[in-house]
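Undergrad: Need a 3D model of the following:
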Amino acid sequence: MRIIKDKSIWNSEEVSKVIGKKIKFSWCSNSLELDSRKVIKGSIFFAMPGTKLDGHNFIKDAVNSGAVALIVNKSYQPVNYQNKLIKVDDVYKTLIIMAKAARNRVHSSAQIIAITGSSGKTSTKEMIKSAFNVLGLTYANPGSYNNHVGVPYSLANMSSKTEFGVFEIGMNNSNEISKLSRLVKPNIAIITNVSEGHIGNFKSIKDVAKAKAEIFEGLMNNGHILINRDFEYYNEVISYSKKLQNINIITYGLNILSNICLIDRKIIKEGQRITASAYGIKYTYKINFDGLHQAINSLAVLGSLLISKRDVKKGINNLYKAALPIGRGNRHTLLINGKKSLLIDDSYNANPSSVIASLNSFKEIAVNNRKVLILGEMRELGKHSLFLHKKLYDYLINLNINLVIFVGKNTKDLYNLSKNKIESAWAESSEQIIKKDIIKLIKPMDAILIKGSRYMKMEVIVNYLIMKYKIKVNK
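TA: From the prediction side, this is the model:
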């Protein structure tokens, strides 16, 4: 992920004015960092207090890495670094102040895009970033920095020269997206879908839909809503836009009533060739992401380009350069007993809709190869967990998954349901999969999909397989 490292994202005079603190020494900064390990020469280091670690304990590391200024709590009593210290009442609130200032100083013609949804946020962001990169100075939040800390951090790192800004907005509870959307103040708000992700923190799926619709609350006057028309709770979400004035709604998806509709997609070596219709005009382009869900996500990119009124053809022709972040469907070739096998690393996270989308994509990719699924449990489903895990059973059967290795306590019932129909194994953790050598069930030429929630650490299995079966290059 590229973050603009403009040599003058902030200077001492600007920061002094924004946060209302006198700064004795002059400097220019190329980035703001919350993690001392990411500090480079020219960074401003925010010593954020945390639940486990306190940034104040890493000030020496930040200085040694080249920090030009240190934002610290006023109670901090240092021995050194007096010439770099900026003492504030609250480090997090100061970050928010900086984020607001960064958003307000970009030119009024800049297009700021905010994306939310139960799945597809990061992929959509990556494609939008790639499309707009050839049209002007484009900035996007790094990784999945989409929460109450990640969004202001990303905003505060945005250059004043930015022409296109792209931000994911995530949530765990209600009233989170509202605050972040008001911070981002998007010109374009995208909702990729609404499903049971995080439903454990809500009373019902309708409450999840309402929470996603909070993204409308920060939308700029004459802004645009881009929304997937295919998901079940589309009408529920769109009903929350009725109180807005001077807002334009554009829909996309498979639904023929969509303003931007997927007409055709063909699987090619590089990914997919997409044909879409937008207001009666056909567009053909390539994406290097797999699956129907990614083809639909790409329609939001086309919509964003049309709204921006820039060179749409130039933008969509650069879509294929978008890169998948780690754990989002990356392909790896393994060599098992001298024969090539395919590993798909979709380990970053999981909820019911994203698992189903991955399984459908997996069937296309695997073709005639034996299909192996290593499935970690899905988190944040609350009282719905048992039902939603068992709901995956029909997909495992209908998509002809040959072997399923289940990981986690909440997959045990699904394992018991599946084992009489599908070759299956179960372990409580990713580490146990390796320790018990359950991996030996994988055969040469298998296609392997690894999927699970973050806390299941499914990347442990991914890394083990890559190291165990990596292709050796002769030097």
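
Undergrad: hey, let's count contacts and neighbours off CA atoms from now on
TA: Will do.

Undergrad: remind me which residues of this protein are low pLDDT?
TA: 1-7, 197-198, 472-475 (pLDDT under 70).

Undergrad: From the chain's centroid, how far away is stretch 57-73?
TA: 28 Å (C-alpha atoms, centre = their mean, to the nearest Å).

Undergrad: what's the answer for stretch 271-285, then?
TA: With C-alpha atoms, centre = their mean as the basis, stretch 271-285 stands 24 Å off its chain's centre.

Undergrad: do you know how far residue 153 is from residue 359?
TA: 34 Å (C-alpha to C-alpha, to the nearest Å).

Undergrad: Those two - which one has more neighbours?
TA: residue 153 (25 against 22; other C-alpha atoms under 10 Å).

Undergrad: element containing that one, please.
TA: Using DSSP states H and E, residue 153 sits in helix 150-156.

Undergrad: Now the one residue sitting closest to the centre of the chain: phi and psi?
TA: The centroid of the chain falls nearest to residue 122 when counting by C-alpha atoms, centre = their mean (2.9 Å). Per-residue torsions, residue 122: phi -70, psi -40 (degrees, to the nearest 10).

Undergrad: again with the one 4 residues further on
TA: Comment: the main-chain dihedrals of residue 126 come out as phi -60, psi -40, following degrees, to the nearest 10.

Undergrad: Number of residues surrounding it?
TA: For residue 126, the count of nearby residues is 23 (other C-alpha under 10 Å).

Undergrad: What of residue 121?
TA: Residue 121 has 23 neighbours, counted by other C-alpha under 10 Å.

Undergrad: need the contact list for it.
TA: Residues in contact with residue 121 (C-alpha atoms under 8 Å, 6 or more residues apart in numbering) are 115, 168, 192.

Undergrad: quick one: contacts for the second one?
TA: Okay, so that is residue 168. With contact set as C-alpha under 8 Å, 6+ apart, residue 168 has these partners: 114, 115, 116, 121, 122, 125, 141, 144, 145, 146, 151.

Undergrad: Need phi/psi at it.
TA: Dihedral angles for residue 168 - degrees, to the nearest 10 - are phi -80, psi 150.

Undergrad: So what sits opposite it in the bridge?
TA: Residues in a beta bridge with residue 168, per DSSP bridges, are residue 115.

Undergrad: Go ahead and confirm residue 236 touches residue 206.
TA: Yes: counting by C-alpha atoms under 8 Å, residue 206 is a contact partner of residue 236 at 7.2 Å.

Undergrad: which of the residues in the strand or helix carrying residue 433 are buried?
TA: Using DSSP H and E, residue 433 sits in helix 430-435. If you call a residue buried by 16 or more other C-alpha atoms under 10 Å, then helix 430-435 has these buried ones: 430, 431, 433, 434.

Undergrad: Same check on stretch 174-194?
TA: By neighbour count on 16+ other C-alpha under 10 Å, the buried set for stretch 174-194 is 174, 176-178, 180-194.

Undergrad: and the top helix by length along the chain, what other elements does it pack with?
TA: When every helix of the chain is counted residue by residue (DSSP state H), the longest turns out to be helix 292-308. Where contact means 3 or more C-alpha pairs under 8 Å, 6 or more residues apart in numbering; DSSP states H and E, helix 292-308 is packed against helix 121-133, strand 224-228, strand 248-253, strand 260-268, strand 271-278, helix 312-316, helix 352-366.
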